[in-house]
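[1] Test case, fold it:
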Amino acid sequence: MNAHKEPSVERDAAIRKFLAASGWGGVPPVSLAGDASFRRYYRLDDGARRVVLMDAPPPFEDVRPYIAVAAILRGLGLSAPQIHAEDSAHGFLLIEDFGDGLYTRLLAGGAAVGADEFALYALAIDTLIALHRAVAAKGLPALPPYDEARLLTEAALLVEWYAPGVLGVALPPGAREDYLARWREILPQAMLPSATLVLRDYHADNLMLLPGRPGIAGCGVLDFQDAVVGPASYDLVSLLEDARRDVPSALRAAMTERYLAAFPGLDRAIFVRSGAILAVQRNCKILGIFTRLWRRDEKPAYLPHIARIWRLIEEDLRREPGLRPIADWLDRHLPQGVRRAPPADQHATSAA
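    So this is what the prediction gives:
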């Protein structure tokens with residue numbers, strides 16, 4: 001069943017009631033975008049003020065983590081949207097409008113909109129550096145750990161959704177257990193001596209350029225409600241090994257060096273190994289998520305990214321010897337000939 005339908009009459013009425021109670025009655029919401037979740041976003045502009053309405057319908061979404069993490073990030077010096085009004089029970093927020101300078105939009109426009117790819121990524125890296133320094137100085141926030149159980153649950157999305165979707169049949173008995181056992185063997189090598197705040201979706205689709213704000217305040221951060229405490233390498237590879245856009249290899253190398261230079265005490269080899277392992281874990285998860293979005297939720301827009309995701313996975317598998325157990329499993333169960341998007345006629349089904 002596709003839960004990503006247009007808002008119901010009842011939901012529309014609830015939105016109008018919330019807006020009226022928040023001082024925005026009579027101002028028509030203009031749709032901005034949805035995303036890979038159940039959330040929808042609308043802009044309200046009365047000529048003197050502008051805000052964004054987040055519509056995050058329960059029980060699919062819970063706005064309370066968003067509110068909590070936004071406060072944490074602002075307390076650490078980052079630009080996360082201010083919350084102007086909230087109705088947690090019904091899943092409505094009025095948040096600060098950061099404008100239209102989404103990284104993805106700016107990068108797609110290139111020189112035509114004055115976008116400087118190097119400068120945008122340098123700002124994103126500097127923001128990440130500032131975040132990690134602030135956490136080191138002030139202490140870890142009270143967020144869930146990015147532990148083995150959570151990482152395995154995410155990695156399992158590949159065997160639960162992508163593999164049966166692309167193969168058209170269930171995996172052989174024991175394949176799932178073997179896959180997870182290999183991840184259990186590898187994941188300890190991804191952990192770093194000190195944990196930090198991990199945003200988990202730190203990439204061009206969730207970053208905004210905020211002109212007029214100095215330094216890292218000029219980088220607006222979105223979509224952080226799933227933040228956890230874990231390895232600093234995770235958000236770096238999320239940004240530089242982006243599932244949704246090609247980041248030039250020279251830029252990736254330069255930005256990695258920019259980050260590492262800010263933390264001279266880091267063991268480079270351990271950090272790079274951690275990043276490679278978590279990049280493959282993340283991209284295996286995303287293969288599952290993008291397949292689920294198509295097969296369950298009838299959202300095919302993410303399928304063209306699957307070829308890029310496989311390229312990134314294969315690159316990390318070649319670079320990091322510690323990933324050999326995962327490389328062997330993938331070669332056996334998802335060999336080169338099937339590393340593609342699932343067939344278009346296999347949608348609106350449940351996981352195997």
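[2] and Arg282, which of the three is it?
    Secondary structure for Arg282, judged by DSSP: H, G, I helix; E, B strand; the rest coil, is helix.
[3] Does it touch Asp235 like I think?
    No: the pair Arg282 / Asp235 is not scored as a contact, 10.2 Å apart, by Cβ atoms under 8 Å. For the C-beta atoms, the positions are set from N, CA and C on the backbone; glycine is no exception.
[4] And those two? Which one has more around it.
    Neighbour comparison, Arg282 and Asp235: the larger count goes to Asp235, with 27 against 24 (by other Cβ atoms under 10 Å).
[5] before we move on, which element is the more buried one in?
    helix 233-240 (DSSP states H and E).
[6] And Pro59, which helix or strand is it part of?
    Using DSSP H and E, no helix or strand contains Pro59.
[7] what does Val52 give?
    Using DSSP H and E, the element containing Val52 is strand 50-55.
[8] any idea how far Glu160 lies from Arg182?
    Distance of Glu160 to Arg182, computed by Cβ to Cβ, to the nearest Å: 16 Å.
[9] got the contact list for Thr196?
    Leu131, His132, Val135, Ala136, Leu140, Val229, Gly230, Pro231, Ala232 (Cβ atoms under 8 Å, 6 or more residues apart in numbering).
[10] Cross those residues against helices and list the overlap.
    Leu131, His132, Val135, Ala136 (DSSP state H).
[11] Please pick the buried ones from the contacts of Thr196.
    Listed as buried from those are Leu131, His132, Val135, Val229, Gly230, Pro231, Ala232; burial here means 16 or more other Cβ atoms under 10 Å.
[12] What is the nearest of those residues to Tyr202?
    Closest approach to Tyr202 among the buried ones among the contacts of Thr196 (Cβ to Cβ): Leu131, at 9.2 Å.
[13] got a pLDDT number for that closest one?
    In this model, Leu131 is scored at 98, pLDDT.
[14] Touching, Asp246 and Arg308? I think so.
    Yes: contact criterion Cβ under 8 Å: Asp246 and Arg308 qualify, at 6.6 Å.
[15] okay, those two: which has more neighbours?
    Arg308 (16 against 10).
[16] Next up, phi/psi of the more buried one, please.
    Backbone torsions of Arg308, given as degrees, to the nearest 10, read phi -60, psi -40.
[17] can you pull the contacts of it?
    So Arg308 contacts Ala243, Arg244, Asp246 (Cβ under 8 Å, 6+ apart).
[18] ok, so of these, who is nearest Pro164?
    For the contacts of Arg308, the nearest to Pro164 is Ala243 (20.4 Å; Cβ to Cβ).
[19] what about the closest one, which SS state?
    Applying three-state DSSP: Ala243 is coil.
[20] Spell out which residues sit in contact with it, please.
    His203, Asn283, Ile286, Phe290, His305, Arg308, Ile309, Leu312.
[21] tell me the two of those residues that are most distant?
    His203 and Phe290 (14.1 Å).
[22] Please say which of these two ends up with more neighbours.
    Phe290 (28 against 23).
[23] what about that one, distance to Gln225?
    In terms of Cβ to Cβ, Phe290 sits 20 Å off from Gln225.
[24] what do you get for Lys299?
    For Lys299, the distance to Gln225 - Cβ to Cβ - is 19 Å.
[25] Mind checking which of the two has more residues around it?
    Remark: of Lys299 and Gln225, Gln225 carries more neighbours, 21 against 18, as counted by other Cβ under 10 Å.
[26] And the pLDDT for that one?
    96.
[27] Would you list the phi and psi of it?
    Dihedral angles (degrees, to the nearest 10) for Gln225: phi -70, psi -20.
[28] thought it was touching Val69?
    Yes: counting by Cβ under 8 Å, Gln225 does reach Val69; the two are 5.8 Å apart.
[29] and the closest residue to Phe60 other than its chain neighbours, how many neighbours does it have?
    Closest residue to Phe60 apart from its sequence neighbours, by Cβ to Cβ, 6 or more residues apart in numbering: Phe38 at 4.0 Å. For Phe38, the neighbour count with other Cβ under 10 Å is 17.
[30] mind checking the SS state of Phe38?
    Phe38 ends up coil, using three-state DSSP.
[31] With adjacent residues omitted, what lies nearest to Val198?
    Closest to Val198 by Cβ to Cβ, 6+ apart is Gly230, at 4.4 Å.
[32] what about the one you found, distance to Glu160?
    22 Å.
[33] Just confirm Arg150 contacts Pro144, I think it does.
    Yes: counting by Cβ under 8 Å, Arg150 does reach Pro144; the two are 7.2 Å apart.
[34] Could you tell me which residues touch both of those two?
    Val228.
[35] if I pick Asp55, what's in contact with it?
    With Cβ under 8 Å, 6+ apart, Asp55 has these contacts: Pro7, Arg11, Ile15, Arg39, Arg40, Tyr41, Tyr42, Gly91, Phe92.
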